[in-house]
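K.L.:
Quick one: sequence plus predicted model below, questions after.
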Amino acid sequence: MSPVADVPAAPRQRRRGRTAALIAGAAALGIVAGTCAGYLVQADREPTRLPSLSQPKLTQAEGEAPEPLSAARDRRVRTDGDLRKLLLKKPRGAKTADWLAGDDGWMDMAAYAETFEEPVGAFGELVSNEFRRAAVVGWEDDDSAVEIRLLQYRQEESSGAAERTEGGKYWADLEDGDSWVVPGTEDGMAYAYEDAESEPGYVPVYTAEALAWRGDIAMEIFVSGTRPISKKTILSLAQRQMERL
């Protein structure tokens, strides 16, 4: 069996395809054109009289205000803290991966963009989707490697976490293999691919991944190994990681 050094890290993700980008661009142009047309129509109309500023008297509700959520129930208390603490822990006996991008468990926007086939385009998309930060952990044993990422978005004007997950699922659905819903999620998915990846100088590598989101956090799990990745392996990792969110 080849040593673990011959097992490459999880496969790089592809960013949104050209067709999807053209559709998004066309939609944006349609919004701009509609807005301009609306201004032209409004300019030809007579001014509309504003309604009265008087408002009915508001009465203050009686009784005590509800108690604030405890730290255990308020999810934002957990996710606004050290995001690395929400990652799964390295299993006993496994070796910490030395090929992880980032520094001390953190992955900045530039490092994450480099995991895409088109880093420049990915960086711009991350800016648009209000990327905030990412935490990463990884480990390996004799014949497999695991990488888990938690990607957090500001989500002031977009649903970045959901969009990142949907983008990843779009590409994953194009590959041959099996897929399953991640337990405890509505639309989180896990994939195990049939064909092994092979490059000169490396042993063939089988891959699997899981993608899901909750609130402002998207989860990505990548597993690679010298044998096909089982349904139990990828689903167990995904379910346990989502439970920590």
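P.N.:
Received, thanks.
K.L.:
you'd agree M109 is up against L126?
P.N.:
Yes - M109 is within contact range of L126, at 5.4 Å (criterion: C-beta atoms under 8 Å). In this view, the C-beta of every residue, glycine as well, is placed from N, C-alpha and C.
K.L.:
who has more neighbours, the two?
P.N.:
Just comparing M109 and L126: by other C-beta atoms under 10 Å the higher neighbour count belongs to L126, 22 against 15.
K.L.:
So that one sits against Y112, correct?
P.N.:
Yes - L126 sits in contact with Y112 when judged by C-beta under 8 Å, with a separation of 6.8 Å.
K.L.:
neighbours of R92, just the number please.
P.N.:
With other C-beta under 10 Å as criterion, R92 counts 5.
K.L.:
That one: what secondary structure?
P.N.:
coil (DSSP: H, G, I helix; E, B strand; the rest coil).
K.L.:
go on, E166?
P.N.:
helix.
K.L.:
Run a quick neighbour tally on it.
P.N.:
Counted by other C-beta under 10 Å, the residues lying close to E166 total 15.
K.L.:
how near is it to I229?
P.N.:
In this view, E166 and I229 are 23 Å apart by C-beta to C-beta, to the nearest Å.
K.L.:
Tell me, how many residues neighbour the residue nearest to E114 when sequence neighbours are not counted?
P.N.:
Once flanking residues are discounted, E114 sits nearest to A101: 6.6 Å by C-beta to C-beta, 6 or more residues apart in numbering. The number of residues packed around A101, counting by other C-beta under 10 Å, is 17.
K.L.:
From what I see, A101 and M107 are in contact.
P.N.:
Yes - assessed by C-beta under 8 Å, A101 is found in contact with M107 at 5.7 Å.
K.L.:
What are the boundaries of the strands in this structure?
P.N.:
Remark: strands assigned in the chain by DSSP state E are 95-96, 106-107, 131-140, 144-153, 177-181, 189-193, 206-214, 217-225.
K.L.:
Any idea which of the ones you listed gets closest to R84?
P.N.:
strand 131-140 (4.4 Å; C-beta to C-beta).
K.L.:
Give me the buried positions along the closest one.
P.N.:
For strand 131-140, the neighbour count (16 or more other C-beta atoms under 10 Å) marks 131-132, 134-140 as buried.
K.L.:
Closest to Y191 out of the residues you listed?
P.N.:
Sorting the buried residues of strand 131-140 by how near they are to Y191, with C-beta to C-beta, puts G138 at the top with 18.5 Å.
K.L.:
give the contact list for that closest one.
P.N.:
Neighbour list for G138: 9, 96-97, 99-100, 145-148 [criterion: C-beta atoms under 8 Å, 6 or more residues apart in numbering].
K.L.:
do the same with G102
P.N.:
108, 111, 134, 136.
K.L.:
ok, 6 Å please
P.N.:
111, 136 (C-beta atoms under 6 Å, 6 or more residues apart in numbering).
K.L.:
One more: the one 10 residues further on?
P.N.:
Under the criterion of C-beta under 6 Å, 6+ apart, the contact list for Y112 reads A134.
K.L.:
any idea how far A172 is from it?
P.N.:
Remark: distance between Y112 and A172 (C-beta to C-beta) = 18 Å.
K.L.:
Please apply the same query to A135.
P.N.:
Separation of A135 from A172 (C-beta to C-beta): 22 Å.
K.L.:
From the buried residues of strand 131-140, pick the one nearest F222.
P.N.:
For these, the nearest to F222 is G138 (8.7 Å; C-beta to C-beta).
K.L.:
Look up the closest residue to the closest one, ignoring the ones flanking it.
P.N.:
A97 (3.4 Å).
K.L.:
What of R244?
P.N.:
Once flanking residues are discounted, R244 sits nearest to L86: 5.1 Å by C-beta to C-beta, 6+ apart.
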